[in-house]
Every structure is written in structure tokens, then in C-alpha cells.
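> Coordinates for the following, if possible.
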Amino acid sequence: MRFYSINALINAPYKVILDGNFIAASIKQKVPLFERLQKLLGTDQFTVHVTRSSLNELATLPGELFQTARQFGLDECEIIEPSQIDQEKRDDPNNEIVSPTTDILSLVKNNNSLGYFVATQDEELSNKLREMVFVPQMRLVRAVLILESPSAASRRHALYNERNKQNTGGGLMTQDEKELVQKMKQKVRYEPKKLQEASAPMDRRKQKAKGPNPLSCKKRKLEGSAEGEKKKRTRRRKKKTENEDE
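Model (predicted):
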């Protein structure tokens, strides 16, 4: 929702187009559609729409389910008449009946300038919508209503627009956007240096050479000590005795 709000300016009140198979699937799976839409969109400010061609298609399908779906479209939805759709897009060169797919694609062309959400279970239509820009898609998955992620085409277009803003010298950027871009650039320059400093190993300090352990060293004997004099007398006496023996 935030992506479409920023890049495509799609905001409340929202407009949601339901195709015939989506309405039939929601009835079959007993989905409280308006309640789920309110929860998904985050607001009760929305309207649901259905094309006249979708109602005509449901009228041709056999079975009570499709007739109930058609009645839901008539009672609960705002009907988009052919006159509201670009005739150049929907005109069939073979004068055949225009399909709901053609009408829906006509309504969301030109980068979905009318801001429609499209709810469909038709995979062929979904694939075509994914090739278009800024068309939010909804679908039911096991009775759960989901909003698809922005298509690759939409993301590329948003990136192109952002780069174009920056490359035009900021002419299309507001002052707040300029300041935000500048802060991001400074952050990118600062963070790698900070991470490098944080990841660098700490230098080990060289330990100073320590002197000998004083407890392991013998004390030096003083030359004039009593013990030293005693040893000297012993050596002289022993030497004198050896001389007398000789």
C-alpha cells in the first residue's frame, strides 16, 4: 500500500474493480468481501466496481452460483458502463462482444492514472496486468484475500522515476527530498568506514621485558662477612695440612 501511495499517488478513498470470476469465487468460498476489503485496505473509504461486460458474461454462464454473483454485482457494486471506458481501446475490429478483460485493461492503462485496484481470479488477466505499471492486484487464496506485491514493471518504473528526479539537478525534488538524499549519501560514506574499524582486530600491546624473579636469585655474599672469613680460614688450614704431609 505504501509503495502505491508514494509512487502512484493511490490513496483513500480507494476504487476496486471486481471481475465476474472473483465475485463468484468469493460467494462460493463464503468470503465476507466488504469486511476483508476494509481490513486489507486499512480503511472503510473504498468503493467496489464491476464492468457491464462482466455482468453480461455472468448472465451467459449456467448455474445458480453465477446468477448469484451477477446479482451481487447489480446490488453491491457501482457499474462501469461502456460509455465510461475509452472507446478507442475497447472497440473490436471484428465487431465481436468486448470481453471484461479488454474493459479492465482499458481502465488501468496509462500507468493506472485512475487509481484502480483489480480483484480477479483470472490468471491470464493477472499476467497482463503484471506487465502494466502501478496496477495493484487482489486475489483469493484459500478464502484469504491478499494484495500482490508490486510487479517487476512497477518497481522498474518507480526506480526510473527516482533516478530521473536526481539526474535533473533536483528540479523535481522537494527540499525535504534533497535533504533526505544528502543524509543517505553521508550515511553510505560513513558506515563502511565504521564497519571496517569495528571489524579490524585490536593491536596487541608489546609486553615489556621483565627482570629476573628476585625469589629465584641467590643472594650475593659480602666479602667481609663472617661466613666468608670462615671459609677463607678453612681453605688456608686445609692447604697448610697438605703441605706438612708432603
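> residue ranges of the helices in the protein, please?
2-7, 20-28, 33-41, 52-60, 64-76, 87-90, 100-107, 109-112, 123-130, 152-167, 175-199, 226-245 (DSSP state H).
> and this protein, what are its domains?
Structural domains annotated on the chain: 2-150, 151-189, as defined by automatic domain parsing.
> who's in contact with residue 45?
With contacts taken as CB atoms under 8 Å, 6 or more residues apart in numbering, residue 45 has the following neighbours: 12-14. No exception for glycine: its C-beta is placed from N, CA and C like everyone else's.
> That one and residue 16: what is the separation?
Distance, residue 45 to residue 16, using CB to CB, to the nearest Å: 12 Å.
> What is the neighbour count of residue 34?
Neighbouring residues of residue 34 were enumerated by other CB atoms under 10 Å; the total is 12.
> how close does it get to residue 12?
Plainly put, residue 34 is 15 Å away from residue 12 if you go by CB to CB.
> cool, and residue 57?
30 Å.
> mean pLDDT lowest for which of the domains of the chain?
Here these differ in mean pLDDT, and the lowest is domain 151-189 at a mean of 72.
> re the thing from before, among the contacts of residue 45, which one has the most neighbours?
In terms of neighbours by other CB under 10 Å, those top out with residue 14 at 21 neighbours.
> Quick check: closest non-adjacent residue to it.
residue 46 (4.1 Å; CB to CB, 6 or more residues apart in numbering).
> The one you found - how many residues pack around it?
There are 17 residues near residue 46, going by other CB under 10 Å.
> Tell me, how many residues neighbour the closest residue to residue 137 other than its chain neighbours?
For residue 137, the nearest residue in space outside its immediate sequence neighbours is residue 148; the separation is 4.4 Å by CB to CB, 6+ apart. If you count neighbours by other CB under 10 Å, residue 148 ends up with 14.
> Residue 131 versus the closest residue to residue 76 other than its chain neighbours, what's the distance?
Once its chain neighbours are removed from consideration, residue 76 has its nearest residue in residue 48; the separation is 6.6 Å (CB to CB, 6+ apart). Here the distance between residue 48 and residue 131 works out to 24 Å (CB to CB).
> repeat for residue 81
Look at residue 81 and residue 131: by CB to CB, they are 27 Å apart.
> Then residue 13?
Look at residue 13 and residue 131: by CB to CB, they are 27 Å apart.
> same question, residue 122
Residue 122 sits 14 Å away from residue 131 when distances are taken as CB to CB.
> Settle it for me: which of these two has more neighbours?
With neighbours defined as other CB under 10 Å, residue 122 and residue 131 compare such that residue 122 has more, 18 against 10.
> what separates the closest residue to that one other than its chain neighbours from residue 100, distance-wise?
Of all residues not flanking residue 122 in the chain, residue 21 sits nearest, at 5.6 Å (CB to CB, 6+ apart). For residue 21, the distance to residue 100 equals 9 Å [CB to CB].
> repeat for residue 162
34 Å.
> Between these two, which is the more surrounded one?
It is residue 100, of residue 162 and residue 100, that has more neighbours when counted by other CB under 10 Å, with 23 against 15.
> What is the neighbour count of residue 36?
Residue 36 has 17 nearby residues by other CB under 10 Å.
> Relative to residue 122, how far out is it?
In this view, residue 36 and residue 122 are 19 Å apart by CB to CB.
> try residue 51
Residue 51 sits 13 Å away from residue 122 when distances are taken as CB to CB.
> Alright, calling it a day.
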